[in-house]
Every structure is written in C-alpha cells, then in structure tokens.
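K.L.:
Next comes the sequence, and after it the predicted model I'd like to discuss.
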Amino acid sequence: MEGPANTLTYLIAGFAVIFGIMLIYLVSLLSRWNNLRKDAELLKELEKKE
Amino acid sequence: MNQVTPFLRALSAVVWKDLAAEWRSREMLSAMLVFALLVILIFNFALELDPVGRANITAGILWVTFTFAGTLGLNRSMAVEKDRGCLDGLLLAPVDRTAIYFGKALANWIFMLSVAVIVLPVYSILYNINLFQPGLLLVILLGSEGYVAVGTLLSTMTVQTRTREILLPILLFPIVIPVVVAAVKASGNFLAGLEMAEIQPWLNLLIVYDVVFTAVSFMVFDAVVEE
Amino acid sequence: MTAQPTTLKILTVVTVLMLAAATLMVILYAPLEAVMGQVQKVFYFHVASGWTGMLGFFVAFVAGIVYLITHKRIWDIVGVAGVEIGLVFMLICIITGSIWARPIWNTWWTWDPRLTTATIMELVYAAYLMLRQGVEDPDRRARFGAVYAIIGFLSVPLTFFSIRIFRTIHPVVIGGGDSDATGSFDMTAKMLQTFMFSLATFSVLFVTLLWHRIRMGKFADQLEQLKMKLLA
C-alpha cells in the first residue's frame, strides 16, 4: 500500500472556497446594512424638515 | 352537489373561450407548430446521426421540442389574458378561482397535445420511425399534464412581472426536470420495446409528479391572482 | 432599529468560536484518509454546507406557507433570508463537491444525483430571487415568492429520485462502481466526531446568520414604509 495520495492543494482550494464565499457574503451583508443606515439618517433629516 | 355544477360550468367556459379564441386566430398554435418543426430541423443538422444513433435519442429530441414549444404556448396563453384584460374580467366573476386554474390548465394541455399530434407524424415521416405506439402516447399525456399543471401556475405569475416571457423558462425548467427525465426515459424505453417492469418506475414517477403538482398548484393559485 | 439583543451577540461569538474549533478539528484532529489523502477533509464542511443549504430552503418553504396563511410581512422577510443563506451555502457545497471530485475521479463533475440535485436547487432559488426582482408591489412579491418557494422545495425529492433512478440504470463510467457514495469511505470514530461537530457548527452558523439577516430585512422594511410615507 503506497499510502494516501497527496491532495493537499485540493484541500487548501476547498477551504479557500468555503471561507472565501462566506466572507464575500458577510461583506455583502455589512455593506448592505451600512447603506440602510445611511438611508435611515437621510430619512430622519427629511422627517425633521417636515 | 350544488357547488359542483357552477364550478364545472365555469371551468368549461374558460376552456371553451380559450379554444374558440385560438381557433379563430390560430396564432398561438401555428407559432408553436412552426417552432416545433424548426427545432426538429435544427436537431437534424446539429446532431448528424445514423439511423441507429437516432433511435436512441428520438425520445430526447421529442421532449426538448415539447418543452420549448410548451413554453411558447404557456406564455402566449397568459399574455393574451393579461393584455386583453380578460384576466381581470375572469377574476371579477363570482366564480371559484380554482375553476379558472383548471380551465386554463386544461386549455393549455389541449394546446400542448395538439402540437404533439402534429409533431409525431411529421417526425415519423422524416425519420421513418413509427411513433404511434400507445406507450409513447401515454407518456406524452402524463408528461404534458405535469408540465402544464406547474406551467399554468408559474405563467400566471410571470405574466404579472416586468420580465414576463424570459422569466417563465427560468422558473419552470428546474421544476419540471423530474418530468423531463421520466418522460424521456419512459418514451425511449417504449420505443425500444423494453419490458413494462423497466418502464414502470418512470411512469410511477410521472403519476406522482402529476398528482402532487396539480394538487399544490390549484391550492395556491388563489394567491397568485388575488388583487 | 433596535440594538442587537444580547442573545444574538452571545450567539455570534459562540458561532465564531465553534467555526474556529471545527476548522482545527478538521485539520488536526480528524485522521488522514487512507486512499484519498488530505482532500477528503473537505467532506466535513462540504456536507455541513449542503445541510445548511437545505435548512435555508426548508425555512423558506415553511415561511412561504405561513405567509400565505397569515399575510404577515415578517414571514416574507424570513423567507428571503432563508433563500439567500441557502443559496450561499449550497454554492459552497457544490463547488467543494467539484473540488473533491477532481483528484478522486479525475473529473470536475460526476453528475452524482445529490450534487446534481443541489445544483438544480441552486438554480431554483436563484430563479426565486429573479422572480422577486420583477415584481414591484411588496405584497404581490411576497405572495409570488411564497408560492415559488413552496413549489421549488416540493420539487426537490422528485428531482432527486428521478436522477437517482436515472443513474442506477446508467451507471457513471467515471467514478467507480458505487455511484451513489461520492468517494465512499468508512468513517472512524474520530471522523464521525468531527463530522457531527461540523454539522452542529454550521447549524449554529445558520441560525446566527438567519437572525442577523432577518433583522436587516425588518430594518429595510421599516425604511421602505417610512420612505413611502414621506415621499407620498
């Protein structure tokens, strides 16, 4: 038995995909939340003017 | 018992309206037909096959043709309602909404079967294969029912969106994959003359799909047409 | 928008810790598989992601039903959150499935029933988002979303079975005898523990993300209503 194949590169690629995609999603969530907060402030200004 | 007759009357009214309207203009049917024949033509050149190879994929070509032509019919059937304001008119009528659903679905089914009625002999002639086998006809009946059951529900939604025609295939195709898989396998097996035991699982799958999705579709139909 | 409830803050911290622990467990604790080598370790998070993807779609399914019955906005928000998160994790599952297949079967794609069904589900839920984008009226958008989430989820078992039967009759040429177990291997005790912990971690991760996403959805909804009031 020659022992397990050397597939380390694929493992690294796999983890890169897993954490990469999760990170992208997190960033998208954070940026969307930021936009909402800016909109909220804008709307509060508008409300005060009325 | 009193509730059945108005329901059936409404249903047949919807079906009859669609059939009569289509018979007068024949726009949709001719479009579906020409489209189907063109698809077969394109396949002829795209997949250059000898008779043996062709026998293997006849089922596939037929169902791809039906799937795409079916989308045309579904889109058109609903677009006509919306554009002429018939949909709103129908909804104002004091009729059970599900009668409208079954009426439209039945009409769509008839249209799809009409396409099959013409495609089958044409294909048979072009490729010298006898497609008029009861098994194949059964599969076409079952497969198109499931397709049309979901398609009618989804096209009712998409006709109310901005993107309309483009959206229907995107919504419909992933959902009808079980129908396509089962129909192609069952059709192919019938054409190859395999035993019933081999074909049975596919027919069962088609029947289950038809029952489940017809039931679910008419149950939720109300939600897609209320104002 | 009200501040984050303490429970959520704690949950978020727990999630991060569990994720770190699970990763360490996969890398250090789980043993090396005899034939496939290191890439087999992708399996733990691959399955866990698939599980999370299914959870998301299931949540959307239930939320859809409840919305159609109650017509309360919150259920629409829950539905979208479920689909979004499901989409993200199902994507992770599909891509890692491909990465796993490559060194083992020497192909990027094996048409395995589970992975193929996962891809079809991914397309269904992408279609869900496209459907919603095409509808202006919020109530109609919610109703259509609910209907499609229900239909989409129900199609999954049928799709899976149709492909599975398809495959037992036409076994895959590449990929060995048992096409059902994508790279089958027997799990030792340590592997099983790592596997279960990964599942648990991703489940917690799902709940945390869902909660955050729902909060964001409620916030966005409030702003929409405020906008309509002010600009009316």
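P.N.:
In hand now; what should we look at?

K.L.:
show me what contacts the closest residue to B:Val220 other than its chain neighbours?
P.N.:
Residue nearest to B:Val220 in three dimensions, not counting chain neighbours: C:Val147, with 4.9 Å by Cβ to Cβ, 6 or more residues apart in numbering or on different chains. C-beta: built from backbone N, CA, C; applies to glycine. Residues in contact with C:Val147 (Cβ atoms under 8 Å, 6 or more residues apart in numbering or on different chains) are B:Leu153, B:Met157, B:Val220, B:Ala223, B:Val224, C:Gly64, C:Leu68.

K.L.:
so how many other residues sit close to the closest residue to chain B within chain C?
P.N.:
At 3.4 Å from chain B, C:Gly134 is the closest residue in chain C, using Cβ to the nearest Cβ. By other Cβ atoms under 10 Å in any protein chain shown, the residues close to C:Gly134 number 17.

K.L.:
so it makes contact with B:Ile166?
P.N.:
No. Using Cβ atoms under 8 Å, C:Gly134 is not in contact with B:Ile166, being 9.2 Å away.

K.L.:
so B:Ile110 makes contact with B:Leu19?
P.N.:
Yes. Using Cβ under 8 Å, B:Ile110 and B:Leu19 qualify as a contacting pair, with a distance of 6.7 Å.

K.L.:
Name the residues contacting each of those two.
P.N.:
Residues touching both B:Ile110 and B:Leu19 (Cβ under 8 Å, 6+ apart): none.

K.L.:
Tell me the confidence at the spatially most central residue of chain C?
P.N.:
In chain C, the centroid-proximal residue (Cα atoms, centre = their mean) is C:Gly53; its distance is 1.0 Å. Confidence at C:Gly53, expressed as pLDDT, is 95.

K.L.:
Phi, psi for the residue of chain C closest to chain B please.
P.N.:
Main-chain dihedrals, C:Gly134, degrees, to the nearest 10: phi -90, psi 0.

K.L.:
How about it: what's its closest non-neighbour residue?
P.N.:
For C:Gly134, ignoring the flanking residues on the chain, the nearest one in space by Cβ to Cβ, 6+ apart is B:Thr161 at 3.4 Å.

K.L.:
And stretch B:203-215, what's buried?
P.N.:
Neighbour-count burial for stretch B:203-215 flags B:Leu203, B:Leu205, B:Leu206, B:Val208, B:Tyr209, B:Asp210, B:Val212, B:Phe213, B:Thr214 (criterion: 16 or more other Cβ atoms under 10 Å in any protein chain shown).

K.L.:
For the first one, I want the exact helix or strand it lies within.
P.N.:
Using DSSP states H and E, B:Leu203 maps to helix B:196-225.

K.L.:
packing partners for that helix?
P.N.:
Packing partners of helix B:196-225 (3 or more Cβ pairs under 8 Å, 6 or more residues apart in numbering or on different chains; DSSP states H and E): helix B:97-127, helix B:134-158, helix B:177-191, helix C:138-169.

K.L.:
Same list, those helices, but as CSV with mean pLDDT and distance to C:Thr12 please.
P.N.:
Formatted as CSV, the helices and strands packed on helix B:196-225 follow (pLDDT from 0 to 100; distance: least, Cβ to Cβ, whole Å):
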stretch, mean pLDDT, distance to C:Thr12
helix B:97-127, 89, 45
helix B:134-158, 94, 37
helix B:177-191, 93, 38
helix C:138-169, 91, 27
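
K.L.:
Now do C:Val39, the pLDDT please.
P.N.:
So C:Val39 comes in at 82 (pLDDT).

K.L.:
what residue ranges in chain C score low on pLDDT?
P.N.:
C:1, C:169-185, C:232 (pLDDT under 70).

K.L.:
Name the residues of it found near chain B, please.
P.N.:
By Cβ under 8 Å from any Cβ of the partner chain, the residues of chain C that approach chain B are C:68, C:120-121, C:123-124, C:127, C:130-131, C:134-136, C:140, C:143-144, C:146-148, C:150-152, C:154-155, C:158-159, C:161-163, C:165-166, C:169.

K.L.:
Was I right to think the residue nearest to the centre of chain C contacts C:Val83?
P.N.:
No. Contact criterion Cβ under 8 Å: C:Gly53 and C:Val83 do not qualify, at 10.2 Å.

K.L.:
I'd like the helices and strands packed on helix B:196-225 written out as JSON lines, with distance to A:Lys48 added.
P.N.:
Converted to JSON lines, the helices and strands packed on helix B:196-225 look like this (distance: least, Cβ to Cβ, whole Å):
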{"stretch": "helix B:97-127", "distance to A:Lys48": "47"}
{"stretch": "helix B:134-158", "distance to A:Lys48": "41"}
{"stretch": "helix B:177-191", "distance to A:Lys48": "54"}
{"stretch": "helix C:138-169", "distance to A:Lys48": "26"}
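
K.L.:
Just give me the neighbour total for B:Ala55.
P.N.:
Applying other Cβ under 10 Å, we find 15 residues neighbouring B:Ala55.

K.L.:
Where does the closest residue to chain B within chain A sit: helix, strand or coil?
P.N.:
Distance from chain B to each residue of chain A (Cβ to the nearest Cβ) is smallest for A:Ile21, at 21.3 Å. Applying DSSP: H, G, I helix; E, B strand; the rest coil to A:Ile21 yields a three-state assignment of helix.

K.L.:
quick one, what contacts it?
P.N.:
Here A:Ile21 is in contact with C:Val88, C:Leu91, C:Ile92, C:Ile95 (Cβ under 8 Å, 6+ apart).

K.L.:
now that we have these, which one has the most neighbours?
P.N.:
Neighbour counts for the contacts of A:Ile21 peak at C:Ile92, which has 25 neighbours (criterion: other Cβ under 10 Å).

K.L.:
That one belongs to a helix?
P.N.:
Yes. Assessed by three-state DSSP, C:Ile92 belongs to a helix.

K.L.:
Quick check: residues of chain C near chain A?
P.N.:
Residues of chain C lying near chain A (Cβ under 8 Å from any Cβ): C:1, C:23, C:32-42, C:45-46, C:49, C:88, C:91-92, C:95-96, C:99-100, C:102-103, C:212-213, C:216, C:219-220, C:223, C:226-227, C:230.

K.L.:
Got a quick ChimeraX command for the buried subset of the residues of chain C next to chain B?
P.N.:
Applying 16+ other Cβ under 10 Å to the residues of chain C next to chain B leaves a buried subset, and the ChimeraX line that selects it is:
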select /C:68,120,121,123,124,127,131,134,135,140,143,144,146,147,148,150,151,152,154,155,158,159,161,162,163,165,166
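
K.L.:
so where do the helices sit in chain A?
P.N.:
Using DSSP state H, the helices of chain A run over A:8-49.

K.L.:
Low-confidence stretches in it?
P.N.:
Under the criterion pLDDT under 70, the flagged ranges of chain A are A:1-5.

K.L.:
residue in chain B nearest to chain A?
P.N.:
Distance from chain A to each residue of chain B (Cβ to the nearest Cβ) is smallest for B:Pro174, at 21.3 Å.
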